[in-house]
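Novice: Sequence below, structure please.
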Amino acid sequence: MVAQTTFVVGTRVKISQLGALQCPDLANKTGTVVEVSLRTTGITVLFDGGARPTCLHQDYLSPLA
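Specialist: Have a look, this model is predicted:
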């Protein structure tokens, strides 16, 4: 299991190694958190250059350093 990270709206993120394995089309993408679900583990991210946000499990994301 991946260590839990707290995401907040406005956090810059990238796809984690687990996310790249599960969603290869999103590998090497970065974006901004636009919504954090309080009831689930879903994090909604607007990827750079994207027209619509994407909801992903928090383990598929890691904060940009």
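
Novice: burial of the nearest residue to Val13 once chain neighbours are set aside, as a residue count?
Specialist: In this structure, Val13 finds its nearest non-sequential neighbour in Leu61, 4.5 Å apart by C-beta to C-beta, 6 or more residues apart in numbering. Yep, even glycine has a C-beta here, placed from its N, CA and C like the rest. Leu61 is flanked by 23 other residues according to other C-beta atoms under 10 Å.

Novice: got the contact list for Leu61?
Specialist: Leu61 makes contact with 5, 7, 13-16, 19, 43, 45 under the criterion C-beta atoms under 8 Å, 6 or more residues apart in numbering.

Novice: what do you get for Thr44?
Specialist: Applying C-beta under 8 Å, 6+ apart, we find Thr44 in contact with 33-37, 53-56.

Novice: gap between it and Asn28?
Specialist: Distance from Thr44 to Asn28, counting by C-beta to C-beta, to the nearest Å: 20 Å.

Novice: try Ser16
Specialist: 11 Å.

Novice: Who has more neighbours out of the two?
Specialist: Just comparing Ser16 and Asn28: by other C-beta under 10 Å the higher neighbour count belongs to Ser16, 20 against 8.

Novice: before we move on, what SS does the nearest residue to that one once chain neighbours are set aside have?
Specialist: Of all residues not flanking Ser16 in the chain, Ser62 sits nearest, at 4.3 Å (C-beta to C-beta, 6+ apart). The three-state label given to Ser62 by DSSP: H, G, I helix; E, B strand; the rest coil is strand.
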